[in-house]
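> Would you be able to build a 3D model of this:
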Amino acid sequence: MAIVEVKVPDIGDFDEVTVIELMVKVGDTVKAEQSLITVESDKASMEIPSSAAGVVKEIKVALGGKVKEGSLVLLLETAGVAPVAATAPVQAAAPAPVAAAPVAVAAAASPGVSGPLEVRVPDIGDFKDVAVIELLVKVGDSVKLEQGLITVESDKASMEIPSSVAGVVKELKVKLGDKVNIGDLVAILEGVGAVAVPAAAAPAVSAPVAVTAPAASAASTPAAPAHLPGAAPVGLPHASPSVRKFARELGVPLNEVKGSGLKGRITEADVQGFTLSVMSGAVQTLAAAAQNKSASSGGDGAALGLIPWPKVDFAKFGPIERKEMSRIKKISGANLLRNAIMIPAVTNHDDADITDLEAFRVSTNKENERSSVKVTMLAFLIKACVAALKKYPEFNSSLDGDALVYKNYWHIGFAADTPNGLMVPVIKDADKKGIFQISTEMGELAKKARDGKLSPAEMSGATFTISSLGGIGGRYFTPIINAPEVAILGVCRSTTEPVWDGKAFQPRLMLPLSLTWDHRVIDGAAAARFNVYLGQILGDFRRVLL
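Prediction:
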C-alpha cells in the first residue's frame, strides 16, 4: 500500500477557485479520473478528477474553501500502482483552428466592422465532441463583444462560448444536443461594432471573415459565467455536469429542484429527494400538472376541430358519487389519449400452442418448490419476445422524425396492475438474463409498483411492452402502444381447445396473442411474420437457442 497525494491540476489562468461540491468521502473507493470535487470561478464550473485509483484516507479541502493549481485535495491509499502525475493538466491546450481569413486577438478593438461575420468555437482544451446544452441567443438578438452565445458541456466541465464580435445574430449554426469541436461554426453575425484585432494597425475587414475567440484552456475560455452563483435563474440550473447528467437519466427537470448546496447549488441528493417526492405524490412537476389539467378538462377535442365534449348534469337522472382519479391514472390517461390519436395502430390476433411449455414450467417449479422464486409464463414470454425482436428489429425501433432509431438493447416493459392504476416496470437487458433472474426481477418490480415505490428509472427505457391479463379472462383485446415504442403485445388467459393434428383432434393449451403495431413503421406482412415466429418459439422453446 502507498499513500498518494492528489492535487489540483492545471485549471487555466485562475489564481483561486471555490470548492462548491465534495463528490467523495473518507473510505470511498475511487477510480483513476473519477471526479472528486467541483470547483467554480466566475467564468466556469468544472470537476477535478483523481490522478490515481485507491481509497480516500483524508480530504484536505472543505466546502467554500479556495484552491489553485497544486493545492492538495486529498490523500489516497493505493495498491502500489504507479499513479498518473497528480499535476497533469485537466486538459491540454490544443492548437487554435486555422480560419479562412484569421484575425488575431489582442486587447485593442477595431470599431466600425460590418457585414456577415462567422463566430467559431475557440480553443477549449483537448476536449472533443462537447455537447451544446444551452442556446443563450436567438436569431435577431443583438450581442456584445465577448457575450456568451452557447453553453457547452463535457463530463468534467461546463462553459460558455463567447462571441468574438459585436453584432446581430443572423443565423445559428448549432442546436441543442449538437456536438462541437474547436473551429466549428457557431453563428453568423451581421457586424455592427467592434471585433478583436491586433493592437498594431487594424486593417479593414471584408466580409465574410472567420473570427475565432481567444485561445485559452477550458476553464478560462468563457467570458461570462455559465452558472453565476446567487444570480437570478436566467439559464441553466446551478448544478455540476455530473448532477445534470444524473437528472437527465432520471428525467428530472432541474429548474424545478431546490438546491441545498453551497450558494443554492443542486446536489445529487437534491435530485434523489425530488424524485421521491414526485413518486409519493407530495410534489408534482410542471409538465405533469399541465398534463393533468389537459386530462381533467375532459379532452374536449377543440384542438382537433371536433365538436365539444357533452356536458351533462348526471345528478338529475339519479344519485351519483364523484371521486377524483388517482395521480397515476391522470398521467397515464393523458399519455394513452395522445398515443391512441397520434399512432395509426393495427392489431393482429393469433394463438400460440403452449402445451409443452406450460408442462415444462410446472415441472420446473415442482423441482424448485423450495425456492421462493416461481417461474411464470410471462417470464418465458419476455425471452420469446426478445428472440422475435432480434429477428425482426423494426419492432425494437422508434421513430425520430423521418428516421428510424434501431436499438441494440432489449428492455422489456410489462404492465403491472396496482391499486393506484396501471404501471409499467421495465426488465433491462432481458436478452442477457435467464428465466429465473427475469422471474425474480419481475416479482421485485411488481411489488414496488404495488407499494408505490417504483423509481422513474425503473419505468423508463423500454423498447417493447407486454400487457398480460393473465388468468383474469377474456380472449383478445387491442392494447395501446406505449410511445415512443412501435409495438405492444397483449396476452389473455390460455384455454384448452381441440386442435386438428392431421388425423384427429387433440387437446392443446392455446394462448391468445394480440399484437398492436405502428403502421408508419411496420407493415401487415411483417406483423404476421412476427406473430407466427413468436408462436413457433412458444411452441418449441428450443428455438430461443438458435
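> May I see the buried residues of stretch 325-336?
Using 16 or more other C-beta atoms under 10 Å as the test for burial, stretch 325-336 gives 327-328, 330-334, 336. C-beta here means a position set from N, CA and C on the backbone, and glycine is covered the same way.
> need the helices for this protein, in chain order.
Counting by DSSP state H, the chain has helices at residues 241-250, 268-280, 286-296, 327-342, 355-367, 377-391, 435-451, 524-539.
> could I get these as CSV with mean pLDDT and distance to residue 172?
Listed next are those as CSV, based on pLDDT from 0 to 100; distance: least, C-beta to C-beta, whole Å:
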stretch, mean pLDDT, distance to residue 172
helix 241-250, 78, 22
helix 268-280, 83, 30
helix 286-296, 64, 26
helix 327-342, 84, 29
helix 355-367, 94, 57
helix 377-391, 96, 39
helix 435-451, 92, 43
helix 524-539, 95, 40
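> For residue 375, give me its contacts.
With contact taken as C-beta atoms under 8 Å, 6 or more residues apart in numbering, residue 375 is in contact with 361, 364-365, 435-436, 439.
> Can you tell me how far it is from residue 362?
9 Å (C-beta to C-beta, to the nearest Å).
> For stretch 447-455, measure first residue to last.
End-to-end distance of stretch 447-455: 12 Å, with C-alpha to C-alpha, to the nearest Å as the criterion.
> now that stretch, how far from the centre of its chain.
Relative to the chain's own centre, stretch 447-455 is displaced by 21 Å; criterion: C-alpha atoms, centre = their mean, to the nearest Å.
> any weak-confidence spans in this structure?
Under the criterion pLDDT under 70, the flagged ranges of the chain are 12-14, 42-43, 80-114, 125-126, 155-156, 192-236, 280-281, 290-304.
> which non-adjacent residue is nearest residue 288?
Excluding the flanking residues, the one nearest residue 288 by C-beta to C-beta, 6 or more residues apart in numbering is residue 331, at 5.9 Å.
> I figured that neighbour hits residue 287, correct?
No: taking contacts as C-beta atoms under 8 Å, residue 331 lies outside contact range of residue 287: 9.7 Å.
> Which residue is the nearest non-sequential neighbour of residue 189?
residue 167 (3.7 Å).
> So what's the residue count around the one you found?
Number of residues near residue 167 (other C-beta atoms under 10 Å) recorded here: 26.
> Okay, it and residue 175: tell me how far apart.
Distance of residue 167 to residue 175, given as C-beta to C-beta: 20 Å.
> how long is stretch 15-24 end to end?
End-to-end distance of stretch 15-24 (C-alpha to C-alpha): 24 Å.
> Buried residues of that stretch, list them for me.
Neighbour-count burial for stretch 15-24 [16+ other C-beta under 10 Å]: 17-24.
> same deal with stretch 476-483?
By 16+ other C-beta under 10 Å, the buried positions in stretch 476-483 come out as 479-482.
> Let's have those in CSV, adding distance to residue 60.
Formatted as CSV, these follow (distance: C-beta to C-beta, whole Å):
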residue, distance to residue 60
479, 58
480, 57
481, 55
482, 50
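> Out of these, which is nearest to residue 423?
Nearest to residue 423 among the buried residues of stretch 476-483: residue 482, at 11.5 Å, using C-beta to C-beta.
> Contacts only, for the closest residue to that closest one other than its chain neighbours.
Excluding its sequence neighbours, the residue lying closest to residue 482 (C-beta to C-beta, 6+ apart) is residue 465, at 4.9 Å. Going by C-beta under 8 Å, 6+ apart, residue 465 touches 412-415, 424, 479, 482, 485, 488-489.
> Beta-bridge partners for residue 465, please?
With DSSP bridges applied, residue 465 shows beta-bridge pairing to residue 413, residue 488.
> For residue 118, see how far away it is.
Using C-beta to C-beta, residue 465 is found at 47 Å from residue 118.
> now swap in residue 178 and tell me
Distance, residue 178 to residue 118, by C-beta to C-beta: 16 Å.
> now do residue 517
Distance, residue 517 to residue 118, by C-beta to C-beta: 47 Å.
> go on, residue 74?
Applying C-beta to C-beta, the value for residue 74 to residue 118 is 44 Å.
> got it, and residue 53?
Distance of residue 53 to residue 118, given as C-beta to C-beta: 44 Å.
> Neighbour count for these two, which is higher?
When residue 53 and residue 118 are compared for neighbours, residue 118 comes out ahead with 22 against 18, by other C-beta under 10 Å.
> pretty sure the more buried one is in contact with residue 184, am I right?
No: judged on C-beta under 8 Å, residue 118 makes no contact with residue 184 at a distance of 10.4 Å.
> So what's the residue count around residue 320?
For residue 320, the neighbour count with other C-beta under 10 Å is 9.
> pretty sure it contacts residue 314?
Yes: judged on C-beta under 8 Å, residue 320 makes contact with residue 314 at a distance of 5.0 Å.
> so the closest residue in space to residue 59 that isn't next to it in sequence bridges to which residues?
Spatially, and ignoring its direct neighbours in sequence, residue 59 is nearest to residue 74 (4.7 Å; C-beta to C-beta, 6+ apart). Counting by DSSP bridges, residue 74 forms beta bridges with residue 6, residue 59.
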